[in-house]
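Visitor: any chance you could fold what I've pasted below:
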Amino acid sequence: ILQGLIERLNRVGPSRPEEPSAQDAVAAEVPSSATRVASPTAPVPLSETRPASAPVIEPAAPLPPPAPLDPVVEALREALKLDRVDVYLQPVVALPQRRARFYECFSRVRGADGQVILPADYRPVAEREGLVGTIDNIQLFRCVQLVRRARRKNIDTGFFCNLSQSSLADEDFFPAFIEFLGENPDLSGALVFEFQQAEFEGLHRQRKAELARLSKQGYRFGLDRVTDLSLDAHTLAQRGIRFVKIEAARMLSNGRTPAQNRALKEKLIAAGIELVVEKIEREKDLLELLDAGVDFGQGYLFGQPRPARAA
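Guide: Predicted structure coming up:
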């Protein structure tokens, strides 16, 4: 499936139909009755082969040169074809010990010069060009490789892997992905698939049924980019959600108290859902979150994303 996705990148767009030559255009305009086969010794007079009424066809205008591709698009296509999509890992730590318990997987694209192209630079272009699904699918494949590698080294850790709307909507990839996970239930303890809150709530019935099947097989899901904190924890738990990620800035926004944050955390725990506070960057913020009883944290305070092997 991944090979098929890569091969699609060779087809930048529909090929331009070949323009007829001026000679072909003239021949098309000549009536069939005027078409003669001239013998070597008796040339046909020009007046017989081309009636006076035949229109004069001007030569076709030359085709304009194709518009140059966006440099970022070219870099993306080349990186995908040449396998220059890397996975970076950022630790998700248990608090207050700060011990890495999980890692979140991020995609990074390398240009021809080895320079890393960050998602903020390539993501909007990739969405416009229909390349997000390919990038996300490669990331999913790499996450499975990471699990295998960690287990060979007896490393007990889990990996958060994002499932974007593009991956969910890919009718070639997603059913096969579901089938693969069903055939490899040993991966269920190490992989946590993340969904954006808005996208998860908007899933259609078929995707909900497929994810419910995975949940019954032991796979866990996470909710990130949470903007609405009035969460129905019981319903989320029934749909397989076991982690909810909320940004530190939202937890510490004006008007929210440590008591409210603690109540939110306890509501989630009662439903079997762990709260992860992400984008923690200051010790001051961490102290406030610890007052609310937060058990898991993620952010530059604990480590920035690093290449998988280095992490």
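
Visitor: all helices of this protein, in order?
Guide: For the chain, the helices defined by DSSP state H occupy 2-8, 22-29, 46-49, 71-81, 119-129, 132-152, 165-169, 173-183, 197-201, 205-216, 233-238, 248-251, 258-270, 283-291.

Visitor: so who does the nearest residue to P175 once chain neighbours are set aside touch?
Guide: Take P175 and drop its neighbours on the chain: the residue closest to it by CB to CB, 6 or more residues apart in numbering is E210, 7.5 Å away. Glycine gets a C-beta too; all of them are placed from N, C-alpha and C. Going by CB atoms under 8 Å, 6 or more residues apart in numbering, E210 touches 174-175, 178.

Visitor: which of those are buried, as a PyMOL select command?
Guide: The PyMOL command for the buried members of the contacts of E210 (criterion: 16 or more other CB atoms under 10 Å) is given here:
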select buried, resi 174+178
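
Visitor: of the contacts of E210, closest to F102?
Guide: Taking CB to CB as the measure, F102 sits nearest to I178 out of the contacts of E210, at 22.5 Å.

Visitor: is it true that the closest one touches R213?
Guide: Yes: using CB atoms under 8 Å, I178 is in contact with R213, at 7.2 Å.

Visitor: tell me which helix or strand of this structure sits lowest on mean pLDDT?
Guide: Across the helices and strands of the chain, mean confidence by mean pLDDT, DSSP states H and E is lowest for helix 22-29: a mean of 44.

Visitor: distance-wise, check L187 relative to A198.
Guide: Distance, L187 to A198, by CB to CB, to the nearest Å: 27 Å.

Visitor: which one of the two is surrounded by more residues?
Guide: L187 (19 against 12; other CB atoms under 10 Å).

Visitor: count the neighbours of the closest residue to that one other than its chain neighbours for me.
Guide: Nearest residue to L187 in three dimensions, chain neighbours excluded: V147, at 5.8 Å (CB to CB, 6+ apart). Neighbour count for V147, taken as other CB under 10 Å: 21.

Visitor: residues in contact with V147?
Guide: V147 touches 159, 187, 190-191, counting by CB under 8 Å, 6+ apart.

Visitor: any stretches of this protein with poor pLDDT?
Guide: 1-69 (pLDDT under 70).

Visitor: longest strand of it?
Guide: Across the chain, the longest stretch assigned as strand under DSSP state E is strand 99-110.

Visitor: buried set for that one?
Guide: 100-110.
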